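Visitor: Coordinates for the following, if possible.
(2 chains, ligands or ions: 2)
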Amino acid sequence: MGDGPPSIWEWIGRNWDTGRVDSISNLLTDHLTMSLVPIVLALVLALPLGLACVRWRWLYQPTSGFMNVVYALPSLPVFMLLISVTGLSQTTVIIPLTFYGMAVLIPAVVDGLNSVPDHVRQSAVAMGFTPLRRLLQVELPIAVPVVLAGMRVVAVSSISLVSVGALIGQGGLGGLFTRAYQNPFMPPVIVGIVLIVALALVADGLLVLAQRLLTPWVRARKGTAS
Amino acid sequence: MITFDSVTKRYPDGTVAVDHLSLEAPTGEITVFVGPSGCGKTTSLRMINRMIDASEGRILLDGEPVQNIDPPTLRRGIGYVIQQAGLFPHRKIVDNVATVPYLLGWDRKKARARAMELLERVGLDPAFAGRYPFQLSGGQQQRVGVARALAADPPVLLMDEPFSAVDPIVRTSLQDELLRLQSELNKTIVFVTHDIDEAIKLGDRVAVLRVGGKLAQLADPKTLLSEPADDFVREFLGHDRGIRRLQFVSTEGLRLRTDLTVTEDAGDSGDGAAEPWLLVVTGDGRPVGWRSGARPAGLEPYGTYVHGRDSMRAALDAALLSPSGCAVAVDGDGKVVGVATREALDAALAEAADG
Ligand SMILES: Nc1ncnc2c1ncn2[C@@H]1O[C@H](COP(=O)(O)OP(=O)(O)OP(=O)(O)O)[C@@H](O)[C@H]1O
Ligand SMILES: [Mg+2]
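Guide: Ligands and ions are numbered 1, 2, ... in the order given. Down below sits the predicted model:
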């Protein structure tokens, strides 16, 4: 047996599932949790807030102003601040990522709802839709393409931002990068980058698929335009 | 019947869009609101289905104040068609048409069957059912809009400039289609337009509104043309009011001559050779052209109208299309029944001007 550094495949084989917290499979699961939870939370929170901003127009300026400030905050000091409340837990990463997601999704929801042509809204009213039904069956479905476009941005940025959490010991696959400081050994870095990019691509692909399934009327439009 | 009882609409900014409007839109008839831009046509229409609430006065639907009916319920019983059609871009045509039946809780199968029936009724190929609205032309979308408004068979139909965004040829066919549908369905229709010709063509009664939302005149089209209430109405009707009035004069009384036709294969038959113009017809009676006594070699163009069905305006138009100055009267199948000469037209016009 040679004494040289192990090849990347050997390294992956040895570290994939060691049962320890820093095995690659564990890091991958953590990474998924810490990026998916904020995406879902951001959507769940942005929907009612976006609706409120459309319903009461004066709300939109202050809300989007606040969200932009939040978005501008560097994540590291935010983590530091949150540690005093939520400790060195995944929650400390999930909370700021959720806010970043909302900063993108609230305007997306507002733009999406504003993309409903006025004559379409009027004819829904004239046909006897109640306001709730109109929202659920007409306005939200028409807003879906714009909201999904926002979701794609949020998904990719969340997945990549999680790694910053490694600085407080909660970075999912980002943990593979911190090791490189201690020891200039490349395989973990390469594995980290490849997995994160792969996750982002898969998430984006799933969202594109969702878009096709949910909004065939948009796909059809592109089909005839080209 | 829809009754406007001294209805006024004042917008929050103080604009009076409709001013003490009182009129009736009788059951089973088309009542047209016509007037210049901003005269309150849309506002008046939307007060009927409560998309806008009146500031003063009442609107009654068969005697029941619309104020007493909860808006969604009221609206499901009133079809509504607008200029841009307002179709839902995310729903297939069949589901667009079935919108109100779905809202009324019909089961999906029944609602869709009804939608298919209506697509056919408004003259659309059933193949369109599975398409999305953007895949249709403007005229087709407008037909879908009409089908959607009719889907739950509402007794009342409100139409706000439904045909003004399509080209003139499509507009004419949509108007004819509406008249055909109306002859079958007998809805109570309130139709808004700024086009006086459309108003006269479609309206059983025409309400002319002036800016400020005041009723200038309410009359049937013929009366409107012959007895405009004031200068505003006269001006709004336009300069060729006299010609347009001929639309309402029947051609039944027009005297026809039957001795001015020759069959094309018969060659130069002697009878009527003294006449300056002879109409050449085919063996089965269809017109071919006018033969001039001065230039017997070629044939000159002709114009036809359907005798008894078309108006004097059509007959006059037909006469003006031909150098002979005569109109060719045909029957419903396009076969010549006679010729209306200048003398005959003249006599009929004199009569129309008197009556
Ligand atoms: N929401 C509103 N607030 C204030 N004023 C309004 C509002 N809607 C309409 N108006 C005004 O009321 C008047 C009547 O408007 P309305 O839309 O009923 O006219 P219209 O006859 O349908 O015109 P058009 O032929 O251009 O469609 C106009 O002067 C218009 O500017
Ligand atoms: Mg209008």
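Visitor: residues in chain B within reach of chain A, list them.
Guide: Chain B comes close to chain A at residues B:49, B:51, B:71-76, B:78, B:80, B:82-91, B:99-100, B:103, B:132, B:134-135, B:148, B:158, as judged by C-beta under 8 Å from any C-beta of the partner chain. Any C-beta I mention is one placed from the backbone N, CA and C, and that applies to glycine too.
Visitor: Select only the buried ones of these in PyMOL?
Guide: To isolate the buried ones among the residues of chain B next to chain A in PyMOL, judged by 16 or more other C-beta atoms under 10 Å in any protein chain shown, type:
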select buried, chain B and resi 49+51+71+72+74+75+76+78+80+82+83+84+85+86+87+88+89+90+91+99+100+103+132+135+148+158
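Visitor: Now for whichever residue of chain B sits closest to chain A: which residues touch it?
Guide: Residue of chain B nearest chain A, by C-beta to the nearest C-beta: B:Gly86 (3.0 Å). Neighbour list for B:Gly86: A:117, A:119-120, A:122-124, A:126, B:145 [criterion: C-beta atoms under 8 Å, 6 or more residues apart in numbering or on different chains].
Visitor: Mind putting those residues into JSON lines with distance to ligand 1, neighbour count and pLDDT?
Guide: Listed next are those as JSON lines, based on distance: C-beta to the nearest ligand atom, whole Å; neighbours: other C-beta atoms under 10 Å in any protein chain shown; pLDDT from 0 to 100:
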{"residue": "A:Pro117", "distance to ligand 1": "17", "neighbour count": "14", "pLDDT": "94"}
{"residue": "A:His119", "distance to ligand 1": "13", "neighbour count": "14", "pLDDT": "94"}
{"residue": "A:Val120", "distance to ligand 1": "18", "neighbour count": "20", "pLDDT": "96"}
{"residue": "A:Gln122", "distance to ligand 1": "12", "neighbour count": "17", "pLDDT": "95"}
{"residue": "A:Ser123", "distance to ligand 1": "16", "neighbour count": "25", "pLDDT": "95"}
{"residue": "A:Ala124", "distance to ligand 1": "18", "neighbour count": "23", "pLDDT": "97"}
{"residue": "A:Ala126", "distance to ligand 1": "15", "neighbour count": "25", "pLDDT": "97"}
{"residue": "B:Gly145", "distance to ligand 1": "17", "neighbour count": "26", "pLDDT": "96"}
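Visitor: okay if I get these as a markdown table plus secondary structure?
Guide: Below are the contacts of B:Gly86 laid out as a markdown table (DSSP: H, G, I helix; E, B strand; the rest coil):
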| residue | secondary structure |
| --- | --- |
| A:Pro117 | coil |
| A:His119 | helix |
| A:Val120 | helix |
| A:Gln122 | helix |
| A:Ser123 | helix |
| A:Ala124 | helix |
| A:Ala126 | helix |
| B:Gly145 | helix |
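Visitor: What is the nearest of the residues you listed to A:Ser163?
Guide: The closest of the contacts of B:Gly86 to A:Ser163 turns out to be A:Pro117 (C-beta to C-beta; 41.7 Å).
Visitor: Name the helix or strand for the residue of chain B closest to chain A, please.
Guide: Take DSSP states H and E as the rule and B:Gly86 turns out to sit in neither a helix nor a strand.
Visitor: Excluding covalently adjacent residues, which one is nearest to the residue of chain A found nearest chain B?
Guide: Nearest residue of chain A to chain B: A:Ser123, at 3.0 Å (C-beta to the nearest C-beta). Leaving aside its chain neighbours, A:Ser123 sits nearest to B:Gly86 (3.0 Å; criterion: C-beta to C-beta, 6 or more residues apart in numbering or on different chains).
Visitor: and what of A:Pro6?
Guide: The shortest distance from A:Pro6 to any non-neighbouring residue, by C-beta to C-beta, 6+ apart, is to A:Arg14 (6.9 Å).
Visitor: Can you give me the distance of that neighbour to ligand 1?
Guide: Separation of A:Arg14 from ligand 1 (C-beta to the nearest ligand atom, to the nearest Å) stands at 72 Å.
Visitor: where's that residue, which helix or strand?
Guide: Element membership for A:Arg14, per DSSP H and E: helix A:8-15.
Visitor: could you give the mean pLDDT of the helix or strand just after that helix?
Guide: From helix A:8-15 onward toward the C-terminus, using DSSP H and E, the following helix or strand is helix A:24-55. What helix A:24-55 shows for mean pLDDT is 93.
Visitor: Skip ahead from helix A:24-55 and say which helix or strand is next.
Guide: Next along from helix A:24-55, by DSSP H and E: helix A:60-72.
Visitor: Show residues contacting that next one.
Guide: Outside helix A:60-72, the residues that touch it by C-beta under 8 Å, 6+ apart are A:49, A:53-54, A:99-100, A:102-104, A:106-107, A:110.
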